[in-house]
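Engineer: Sequence and computational prediction follow.
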Amino acid sequence: MVMDAGGRILVSDADREAVVAQLHAATVEGRLTLDEFGERTSRAYASRTRADLTAALDGLPWSYLPTLAPPYAGPPAPRPSTSLPLASMIVGIVSASVGAAMFLSGPMGITAIVLGILGLRALRRGKAGSRGMAIAGIITGSLGIVATAGMILLIVVASSG
C-alpha cells in the first residue's frame, strides 16, 4: 500500500480480493441480494483507497470488515554508523607498510589497534560499520608494531657488532 497525495491509503489487489470474499460470504448468508453483490463487487474492484473499499461493505456487520494490510510505514530508519573500523584499517595498513621505514609503525600500529577495538565496541552497540575492517586494522596495526620492533632490534644488533 502507498500513500496518495491526499493522505489516504491506496489499496492493493489483495485488499480488494479480501473485501470481495467478505461480500461473497454475506451473499451466501442472505445479507445481500445477487444484484447488491454485483454492484458492491464492482465498487470494490474499482476502489483506489481504503475509504472507497470499506464503503463497499456499508451496512454489513463489523465481522465482515476484513483485516486490511497495515499502511506502509516507509523504510526503516538508518542505523547510526561509525567510521572507526575504516580509520583503523587505513592507519594499520600505513603502519605495516610505510611506517617501518620512518619509525612511525609503533605509534601508528598502537593507534590502529585502539581504533579497531573502539570500532568493534561501536559495532557491538548497534552502529553500522564493517567488523572485517576493524579486525584488519588490529592485525595490520600489530604487524606495524612488530615491524618497528624488528627495525629497533636490527639497529641494536648492527650497532653492537
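Structural biologist: Looks like it arrived, so ask away.
Engineer: can you point me to the longest helix in this structure?
Structural biologist: In the chain, assigned by DSSP state H, the helix with the most residues is helix 131-160.
Engineer: now for that helix, which elements pack on it?
Structural biologist: When contacts are defined as 3 or more Cβ pairs under 8 Å, 6 or more residues apart in numbering; DSSP states H and E, helix 131-160 packs onto helix 84-97, helix 105-124. In this view, the C-beta of every residue, glycine as well, is placed from N, C-alpha and C.
Engineer: which residues make contact with the shortest one from outside it?
Structural biologist: Contacting residues not belonging to helix 84-97 are listed as 104-105, 108-109, 111-113, 115-116, 118-120, 122-123, 129-134, 136-141, 143-145, 147 [Cβ atoms under 8 Å, 6 or more residues apart in numbering].
Engineer: tell me the mean pLDDT over that helix?
Structural biologist: Averaged across helix 84-97, pLDDT comes to 85.
Engineer: buried residues in it?
Structural biologist: 84-96 (16 or more other Cβ atoms under 10 Å).
Engineer: picking that back up, which of the helices and strands packed on helix 131-160 sits closest to residue 34?
Structural biologist: When those are compared by Cβ to Cβ, helix 105-124 sits nearest residue 34, at 63.0 Å.
Engineer: which helices and strands sit right next to the closest one?
Structural biologist: helix 84-97, helix 131-160.
Engineer: Turn the ones you listed into CSV, including distance to residue 54.
Structural biologist: Shown next, in CSV, are the helices and strands packed on helix 105-124 (distance: least, Cβ to Cβ, whole Å):
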stretch, distance to residue 54
helix 84-97, 50
helix 131-160, 48
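Engineer: List just the one of these that sits closest to residue 60.
Structural biologist: helix 131-160 (55.1 Å).
Engineer: In that closest one, which residues are buried?
Structural biologist: Applying a neighbour-count criterion of 16+ other Cβ under 10 Å, the buried positions in helix 131-160 are 133-145, 147-148, 151.
Engineer: Let me know the closest of these to residue 9.
Structural biologist: residue 133 (42.1 Å).
Engineer: That concludes my questions; thank you for your assistance.
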